[in-house]
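> here is the input, now give the coordinates:
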Amino acid sequence: MIRRTFLILPSIGCKTESRLWRCGIEDWSDFISADRIEGLSQTRKEKMDRQLGQAERFLDRRITEYFCQMLPSTEHWRMFDRFKDDCAYLDIETDGQYAHANVTMVSVHLRGRTTTLVKGEDLDASSLSSALEGAKMLVTFNGSSFDLPILHYHYPMAVPRLPHYDLRHACRRVGLTGGLKRIEREMGIARPREVEYVTGEEAVYLWRAWKRSGSKNALKLLKRYNQEDTENLVPIAQRIYEELKLRTLDVEDG
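Numbering: from 1, shown residues only. Below you'll find the predicted structure:
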C-alpha cells in the first residue's frame, strides 16, 4: 500500500488521492510516467515526480524514518505489509496509570522473539535500544497516547523514530472499539488461563507484590501478561491491515 499512497505529497489529501486512483494513477510509477495529470500544472507535477522518486529511493533503502514526517501518522499502517517482518511490537507496564508513571516492564516482540525487560534488573536505555535494534516500524495498542510518551520521558532517544501503527486507533476505523482484551475476544484470540482475566490495574498490584514481598510468582505472572499484551498484537495488526486495505480499495473502486 505504501507505493499507492500520494499523501506524502504536499497538498494531496484523501479525496485527491482517490481521484487519482479512479483516473488510473494507481501508484508512484503511474504518476511519474503520466505525461500530464488533470488539475496539476506541469511545473508542479515535475516537482512531485522528484519527490516520489526520492521516496522510492528511501523505500528501497529501507530508511523508514523518512516517512514519519512525510506520511500522516494515521496512515502509517500503509507501510505494514512492506515491513511486517521487521515490525517491533511493543507494550509496557507501569506502577500507575498517570502521565509520567514509572516503567516497570517492557516487552518487545521482533522477528519472532520476545524480549522482556524488568525495572531494577535489566531495563535501561541501552537494553531497550538493543531490543529495538533493526526494527523498521513500531506496532502498539494505544502507544501514541501512553507507551511511547512515557518511554520517551524516562528513556530519551532509546526508542527510534519510526513509522508507528497504533492499533487502538486503527481498530476504531474498522468499527472495533474498547480495550485490547475486548478486541482480542471479538477476534477469537484466547489468552492462557493464568492471565486471561488480568487487567492493567491488576498488573500494577502484581508489580507492587513483587517489590513488597519479593513474590516470584507475581513477577512471573506479570511477565506473562506483558508478553501476551505484546505478542497478541501480531495477528491483530495483520487482520486490521487487511481490513483497512480493503476499505481503501473500495474507495478507489467507488
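
> scan the protein for its longest helix.
Of all the segments assigned as helix in the chain under DSSP state H, the longest by residue count is helix 233-253.

> show me the contacts for residue 16.
The contact partners of residue 16, by Cβ atoms under 8 Å, 6 or more residues apart in numbering, come to 6, 39. Any C-beta I mention is one placed from the backbone N, CA and C, and that applies to glycine too.

> neighbours of residue 79, how many?
24 (other Cβ atoms under 10 Å).

> which helix or strand contains the nearest residue to residue 237 once chain neighbours are set aside?
Counting by Cβ to Cβ, 6 or more residues apart in numbering, residue 139 is the residue found nearest to residue 237 once chain neighbours are left out, at 5.1 Å. Per DSSP states H and E, residue 139 falls inside strand 137-140.

> contact partners of that strand?
64, 76, 79-80, 83-84, 86-91, 147-148, 159, 162-168, 233, 237.

> if we go to 7 Å?
Taking contacts as Cβ atoms under 7 Å, 6 or more residues apart in numbering, the residues outside strand 137-140 that touch it are 64, 79-80, 83, 86-91, 147-148, 162-167, 233, 237.

> in the helix or strand just after that strand, what counts as buried?
Later in the chain than strand 137-140, the nearest helix or strand by DSSP H and E is helix 147-154. Burial within helix 147-154, assessed by neighbour count using 16 or more other Cβ atoms under 10 Å, is assigned to 147, 148, 150, 151, 154.

> what's the closest of the residues you listed to residue 123?
Distance ranking of those against residue 123, using Cβ to Cβ, places residue 154 first at 9.5 Å.

> so where's this structure uncertain?
Within the chain, the stretches with pLDDT under 70 are 251-254.

> and the strands in it?
Using DSSP state E, the strands assigned to the chain run over residues 87-94, 103-110, 113-118, 137-140, 164-166.

> got the ones you listed as JSON lines, with mean neighbour count columns?
Compiled in JSON lines, the strands of the chain are given as follows (neighbours: other Cβ atoms under 10 Å):
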{"stretch": "strand 87-94", "mean neighbour count": "25"}
{"stretch": "strand 103-110", "mean neighbour count": "24"}
{"stretch": "strand 113-118", "mean neighbour count": "17"}
{"stretch": "strand 137-140", "mean neighbour count": "25"}
{"stretch": "strand 164-166", "mean neighbour count": "23"}
